[in-house]
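Undergrad: what would the 3D arrangement of this be:
(one chain, ligands or ions: 1)
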Amino acid sequence: MQVTVIGTGYVGLVTAIGLADAKHDVVCVDLNKERMEQLSNGVAPITEEGIEGALQQNQSRLTFTTEYPVSDLYLVAVGTPERADGSCDLSAVEAVVKLIHSIQPHAAVVMKSTIPPGTTEKLQMAYPSLRFAMVPEFLREGTAIRDMRNPHRVIIGTHDQQLASDLTELFKTNAPIVHVDPTTAELTKYAANSFLAVKISFINEIARLADIVGADVEDVAHGIGLDPRIGPAFLKAGAGYGGSCFPKDIAALTTLAQQHGEHLHVIEAADRTNEAQLEYVLQKIAPKRGLRVALLGLAFKPGTDDLRDAPALRLAERLTKMGVIVTGYDPAAKTLLDQKDTIEEAVTGAEIAVIMTEWDEIKHVTPRRLTDNMKTARLIDGRNCWAFVEEPGNVQYEGIGRPNKTFSNNPTS
Ligand code: UGA
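TA: Residues are numbered from 1 along each chain as shown. Next up, the predicted model:
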């Protein structure tokens, strides 16, 4: 089947590779000419494990262009950013659908972008000759290629029986395929992201209490996660969540509910707790003018260079405003911070190092590399990623909700 994918961000690009993997010919369209040239040469515009190999393997089935081809099946994967009022900006989606309609008025249009419940139905009413479906995406940055090859489920939301059957064939997988209406598919995506965010904020609150009562949140998470009704995933306490999805999707969903006079109390609380979690890290740092702080890890999660809504950047901004001297290190992401090329350089002269992204390199940094270079070797582990298999040396360690793992041999005392 020949498929056209509009938009080559994470979702569009990885979906296109997935379809090419399954031997479909895929035309990828994006207005960004430079990106299209890069991709045509097999160069991935994003840091993502396995993406260059997957691109090269499928090069003969992938075409990258800035021109919309005539096609029977278009997948829409353009951005749906947050507006100032928290709602979802659908202008790119609407412009793409309008253009598709002008090129091929009877095409099948599959929404992959995350769009608020009701959007596909509205588009269907506006363009009755087009045949719409909503197939939400659940891949995670950093493991996107793996997720695309091994999805947990495929949700196909459409009223069009023929399209439902074509899409079942197109997204063929061993995972369950769930057939629903478009609005249910849209809400399923938001509900999934909101639920994961709630899990993170839940464990972050327990972590704060663990600090007070002297319990270890990592053991609590392990203990509750063994119950299959709870599950172990997304119970990692730390500096809170960021990225291009959770904050934006929660804002869109809660704003949509409020526009209908409804409050999503649990989800709104997850968002507030996430804000408070960064304040909690700030409290641990106890910022003051002239303090030197090194942020280890800047991307919103390991395995990506994505800095969108990265907690590290939000923290850096707060610290800088308070007169703190901030340096940073990240193996992939590039920022405007005083960013150094190595961990050693970033921590040189610092009084506190704060782990904000649990890159392997940062997880395994030896205490020696900190003590040899820092002014006072104090480490705040904002991702609870230090394992303590080795001697902490003279590092004064503080995690989030791990009070019994605090070592008191502060080299300055
Ligand atoms: C998220 C969802 O996990 C995907 O299923 C979804 O497809 C995607 O959004 C999307 O809507 O496009 P992603 O934002 O790539 O994926 O990253 P996650 O792995 O979900 O992590 C999000 C944030 O939560 C990160 O800042 C991470 O550090 C934080 N996190 C995650 C925690 O603080 N604790 C955890 O236990 C897990």
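
Undergrad: switch to C-alpha atoms for all contacts and neighbour counts from now on
TA: Will do.

Undergrad: residues contacting Pro305?
TA: Quick fix: residue 305 reads Asp, not Pro. The contact partners of Asp305, by Cα atoms under 8 Å, 6 or more residues apart in numbering, come to Ile46, Thr47, Ala299, Ala332, Ala333, Lys334.

Undergrad: what's the PyMOL line that selects buried ones from these?
TA: Buried subset of the contacts of Asp305, written as a PyMOL selection, criterion 16 or more other Cα atoms under 10 Å:
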select buried, resi 46+47+299+332+333+334
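
Undergrad: which one of the contacts of Asp305 sits closest to the ligand?
TA: The shortest approach to the ligand among those belongs to Ala299, at 8.3 Å (Cα to the nearest ligand atom).

Undergrad: quick revisit: which one of the contacts of Asp305 sits closest to Leu90?
TA: Ile46 (23.6 Å; Cα to Cα).

Undergrad: so which elements touch the longest helix belonging to the chain?
TA: Longest helix in the chain, counting residues (DSSP state H): helix 182-213. Applying 3 or more Cα pairs under 8 Å, 6 or more residues apart in numbering; DSSP states H and E, we find helix 182-213 packed against helix 119-126, strand 131-134, strand 154-157, helix 217-225, helix 246-259, helix 265-285.

Undergrad: right, and the ones you listed - which one's nearest the ligand?
TA: Closest among the helices and strands packed on helix 182-213, once you apply Cα to the nearest ligand atom, is helix 246-259, at 6.0 Å.

Undergrad: ok and the closest one relative to helix 182-213, angle-wise?
TA: 110 degrees (axes from the mean of the first three to the mean of the last three Cα atoms, to 10 degrees).

Undergrad: around the ligand, which positions in the stretch 301-413 of the chain sit nearby?
TA: For the stretch 301-413 of the chain, the contact set with the ligand under Cα under 6 Å from any ligand atom comprises Lys301.

Undergrad: residues near Lys363, how many?
TA: By other Cα atoms under 10 Å, the residues close to Lys363 number 17.

Undergrad: if you could redo that for Gln258, that was the one I meant.
TA: Other residues within reach of Gln258, judged by other Cα under 10 Å, total 12.

Undergrad: likewise for Asp338?
TA: If you count neighbours by other Cα under 10 Å, Asp338 ends up with 12.

Undergrad: ditto for Leu336
TA: 7.

Undergrad: wait, is it part of a helix?
TA: No. Note on Leu336: no helix contains this position according to DSSP: H, G, I helix; E, B strand; the rest coil, which reports coil.

Undergrad: touching the ligand at all, stretch 49-56?
TA: No. Applying Cα under 6 Å from any ligand atom, one finds stretch 49-56 separated from the ligand by no less than 12.7 Å.

Undergrad: pLDDT score for the residue most central in space within the chain?
TA: In the chain, the C-alpha nearest the mean C-alpha coordinate belongs to Gly243, at 4.2 Å (Cα atoms, centre = their mean). pLDDT, Gly243: 96.

Undergrad: does the ligand sit close to the helix or strand harbouring Val110?
TA: Secondary structure from DSSP states H and E places Val110 in strand 108-111. No. Among the residues of strand 108-111, none lie within reach of the ligand under Cα under 6 Å from any ligand atom; the closest is 13.3 Å away.

Undergrad: what lies in contact with that strand?
TA: Strand 108-111 is touched from outside by 72-77, 97, 120, 130-136, 163, with contacts defined as Cα under 8 Å, 6+ apart.

Undergrad: how does it look with 6 Å?
TA: For strand 108-111, the surrounding residues in contact (Cα atoms under 6 Å, 6 or more residues apart in numbering) are Leu73, Tyr74, Leu75, Val76, Leu130, Arg131, Phe132, Ala133, Met134.

Undergrad: note down every partner strand of that strand and its orientation.
TA: Strand 108-111 pairs in its sheet with strand 73-76 (parallel), strand 131-134 (parallel), by DSSP bridges.

Undergrad: what mean pLDDT does the very next helix or strand once past the last one have?
TA: Right, strand 131-134. Note on strand 131-134: by DSSP H and E, the next helix or strand toward the C-terminus is helix 144-149. Averaged across helix 144-149, the pLDDT comes to 92.

Undergrad: got the contact list for the nearest residue to Ala221 once chain neighbours are set aside?
TA: For Ala221, ignoring the flanking residues on the chain, the nearest one in space by Cα to Cα, 6 or more residues apart in numbering is Leu235 at 5.9 Å. In this structure, Leu235 makes contact with Ile200, Ile203, Ala221, judged by Cα under 6 Å, 6+ apart.

Undergrad: so how far is the ligand from Leu235?
TA: Distance, Leu235 to the ligand, by Cα to the nearest ligand atom, to the nearest Å: 4 Å.

Undergrad: wasn't that residue part of a helix?
TA: No. According to three-state DSSP, Leu235 belongs to no helix; its state is coil.

Undergrad: what's the angle between the longest helix of the chain and helix 119-126?
TA: Computed by the same axes, to 10 degrees, the angle separating helix 182-213 from helix 119-126 equals 160 degrees.

Undergrad: what residues of helix 182-213 count as buried?
TA: For helix 182-213, burial by neighbour count (16+ other Cα under 10 Å) applies to 182-191, 193-211.

Undergrad: same deal with stretch 112-123?
TA: In terms of neighbour count (16+ other Cα under 10 Å), stretch 112-123 has its buried residues at Lys112, Ser113, Thr114, Ile115, Pro116, Pro117, Thr119, Thr120, Glu121, Leu123.

Undergrad: just give the nearest non-adjacent residue to the residue in the stretch 301-413 of the chain positioned nearest to the ligand, would you?
TA: Proximity of the stretch 301-413 of the chain to the ligand (Cα to the nearest ligand atom) peaks at Lys301, 4.7 Å away. Of all residues not flanking Lys301 in the chain, Thr357 sits nearest, at 5.5 Å (Cα to Cα, 6+ apart).
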